[in-house]
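A.B. asks: Would you be able to build a 3D model of this:
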Amino acid sequence: TPSANGTVSVTMVEGQVLDQAGNSNLVATPASMLYDTVRPTVTLLPDRTITNGTFLLTVTFSEAMKGFDASDLFCENCVPGVATPDPDPLNTDIVWTVVLTAGPGSPATVKVKENIVDDLAGNLNIVSNEISVNYDSFAPGVTLTSEAPDPTNVSPIVFTVTSTEVVNGLAVDDFEIDTLIANVAGINEVTAGRKWNVNVVPAETYLEEISVSLKAGAVTDLAGNPSLAAGPVTRKYDAVRPTVTLVSSGNSGTFKVGDSINITVTFSETIFVTNTPTLTLETGTTDRQATYVSGNGTAMEFTYTVQSGDNSTDLNYNSPNALLLSGGTIRDDAGNNAILTLPALDAAESLSNSNIIIDAVGPRVVRVRSSSPQSVTTAGANVSIQVEFDEDVDILGTLNSTLLVNVTNSSAGGVVASATYVSHATNVVNYKYVTKSGDKTTSQPNGSLNYTATNALKNNDGVFRDQYGNTSTYTLPPTGSVDALITSGIVISVP
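C.D. replies: Next up is the predicted model:
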């Protein structure tokens, strides 16, 4: 009786027995046999934990067996195929593989029950581990999205592929895209097997539409189910900055103090404006800023109210850099900052072609003359004096304007004389001085007639103004200038 598992060997030494002739035996040839009472174990290992049909099961025993058949498997919700011995000689009668077909619904489970197969010594197996393989015949839920704004001016444009379950990796050629306008430049895995960011680089600076789709079957889940197609997802790409194409006004003609002038700045595309940009106008001695009103579509609207002192024969902005953000922004819908440069001042697209005249400056005296003879020596003579303005004037109110002249009268005690208003037409106001005995021009070179000072013109109760209501200034040219009355050379000397 063997005392332990292992090889049992039996022999007989010589001289133990005699034959009938009395001869003793020689040493016997040893006899040996393997003694084995250890029950074999069995391990099951599937090639996957989820399937959409079949899976491969490897059955491995701890020692050589008398045989194994697929019918020795205990299967639930799956059907085994034929058990195939492992071709490796070292695994003969130890390892088999079986292809099983899983059914829908609950997981497929497989095990080898206890005492189903025996080893070469006749020991029956111990129960195996139980394996479980899930069944999945549904395509993975794969979506294609993009968080990039539409339109966008950012390159590359990032699209995102997201799966509801783990799938195999994504490749550049898994996408449908017009390579003439854009290309997939790279794929970055965000979450292993579940999420990827796809970088798409536009081929031009402006593209009305870039369309990206994920092909059907681009990825498969762990069960082998191919994904469905996703998309298309589109984006407009615009890296072109808006430019000013026209500055114009719906108004034309001549404008006076208090009048409003509307000005439109037109861009090459739709813009969006924040804060209050400004537009500086060339309005004469002092440049003025137009007030921002609104920005709609491709246009910005400004308005300007004419102020006293403004003057322009052809209203324009003061330079191509006259449009300023003033802390705001002007952008298109893709976020491109507008180029603020305005058309050249003399360009057909400039404001000057709107034919706007601003006249908010009162008439100004430019010359004083006399058409009378240069020598006046008789009393009762009418000495005419013409005061010329730089534009047509009218007189509102009482017509009693006077002009103080350098005529003294010895009998009147040297009181300064006044020329009186006669008439006015276009840009000329006519005065006259009627000589008296004792009159004499004084205090001027050669004793010539002149006004007494630059403030010698007195409007009294009348108002000189132009056709737009601008009140005149009454300042005369300097008394010694070429535009002064003295240059007419009128000498009064009445005995």
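A.B. asks: residues making contact with the helix or strand where Ala185 lies?
C.D. replies: Using DSSP states H and E, Ala185 sits within strand 182-191. Strand 182-191 is touched from outside by 156-157, 160, 169-172, 175, 177, 195-203, 207, 210, 212, 237, with contacts defined as CB atoms under 8 Å, 6 or more residues apart in numbering. Bear in mind the C-beta positions are built from the backbone N, C-alpha and C, glycine included.
A.B. asks: Among the residues you listed, name the buried ones.
C.D. replies: Among these, those classed as buried by 16 or more other CB atoms under 10 Å are 156-157, 160, 170, 175, 177, 196-198, 200, 202, 207, 210, 212, 237.
A.B. asks: and which of those residues is nearest Asp88?
C.D. replies: Nearest to Asp88 among these: Leu170, at 37.1 Å, using CB to CB.
A.B. asks: Okay, and which of the contacts of strand 182-191 map to strands?
C.D. replies: 157, 160, 175, 195-202, 207, 210, 212, 237 (DSSP state E).
A.B. asks: Okay, now the unreliable bits of the protein?
C.D. replies: Residue ranges of the chain with pLDDT under 70: 3, 410-416, 443-446.
A.B. asks: same thing but 80
C.D. replies: 1-4, 6-10, 33-35, 409-416, 442-447 (pLDDT under 80).
A.B. asks: what residue lies at the spatial centre of it?
C.D. replies: Gly335 (1.4 Å; CA atoms, centre = their mean).
A.B. asks: Do I have it right that that residue meets Tyr237?
C.D. replies: No - counting by CB atoms under 8 Å, Tyr237 is not a contact partner of Gly335; they are 11.7 Å apart.
A.B. asks: overlap in contacts of those two?
C.D. replies: Thr152, Asn153.
A.B. asks: show me the contacts for the residue nearest to the centre of the chain.
C.D. replies: Pro149, Thr152, Asn153.
A.B. asks: and Ala425, how far is that from Ile395?
C.D. replies: Distance, Ala425 to Ile395, using CB to CB, to the nearest Å: 11 Å.
A.B. asks: Which of the two has more residues huddled nearby?
C.D. replies: The neighbour count for Ala425 versus Ile395, taken as other CB atoms under 10 Å, is higher for Ile395 (18 against 9).
A.B. asks: farthest-separated two in the ones in strands among the contacts of strand 182-191?
C.D. replies: The widest separation within the ones in strands among the contacts of strand 182-191 (CB to CB) is 26.3 Å, between Lys195 and Leu207.
A.B. asks: now the residue nearest to the centre of the chain: how far from Thr266?
C.D. replies: Following CB to CB, the distance that separates Gly335 from Thr266 is 20 Å.
A.B. asks: before we move on, what about Ser252?
C.D. replies: In terms of CB to CB, Ser252 sits 17 Å off from Thr266.
A.B. asks: Show me what counts as buried in the helix or strand harbouring Val82.
C.D. replies: Element membership for Val82 (DSSP H and E) is strand 78-85. Residues Cys78, Pro80, Ala83 are the ones in strand 78-85 that count as buried (16+ other CB under 10 Å).
A.B. asks: which one of the residues you listed sits closest to Val59?
C.D. replies: Distances from Val59 to the buried residues of strand 78-85, taken by CB to CB, are shortest for Ala83, at 7.2 Å.
A.B. asks: correct me, but Thr254 touches Glu391?
C.D. replies: No - between Thr254 and Glu391 there is no contact under CB under 8 Å: 11.4 Å.
A.B. asks: So which of these two has more stuff around it?
C.D. replies: Under the neighbour definition other CB under 10 Å, Thr254 and Glu391 were set side by side, and Glu391 has more, 17 against 14.
A.B. asks: How about the contacts made by the more buried one?
C.D. replies: Pro363, Asn427, Asp466.
A.B. asks: could I get those residues as a markdown table with secondary structure?
C.D. replies: Formatted as a markdown table, the contacts of Glu391 follow (DSSP: H, G, I helix; E, B strand; the rest coil):
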| residue | secondary structure |
| --- | --- |
| Pro363 | coil |
| Asn427 | coil |
| Asp466 | coil |
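A.B. asks: picking up where we left off before, which of the buried ones among the contacts of strand 182-191 lies closest to Thr408?
C.D. replies: Tyr237 (88.0 Å).
A.B. asks: what about that closest one, distance to Thr160?
C.D. replies: 17 Å.
A.B. asks: if we take the buried ones among the contacts of strand 182-191, which one ends up nearest to Ala223?
C.D. replies: For those, the nearest to Ala223 is Leu170 (17.9 Å; CB to CB).
A.B. asks: Nearest residue to that closest one in space, ignoring adjacent ones along the chain?
C.D. replies: Trp196 (5.0 Å; CB to CB, 6 or more residues apart in numbering).
A.B. asks: ok, now which ones touch the one you found?
C.D. replies: Thr160, Val161, Leu170, Ile187, Asn188, Glu189, Val190.
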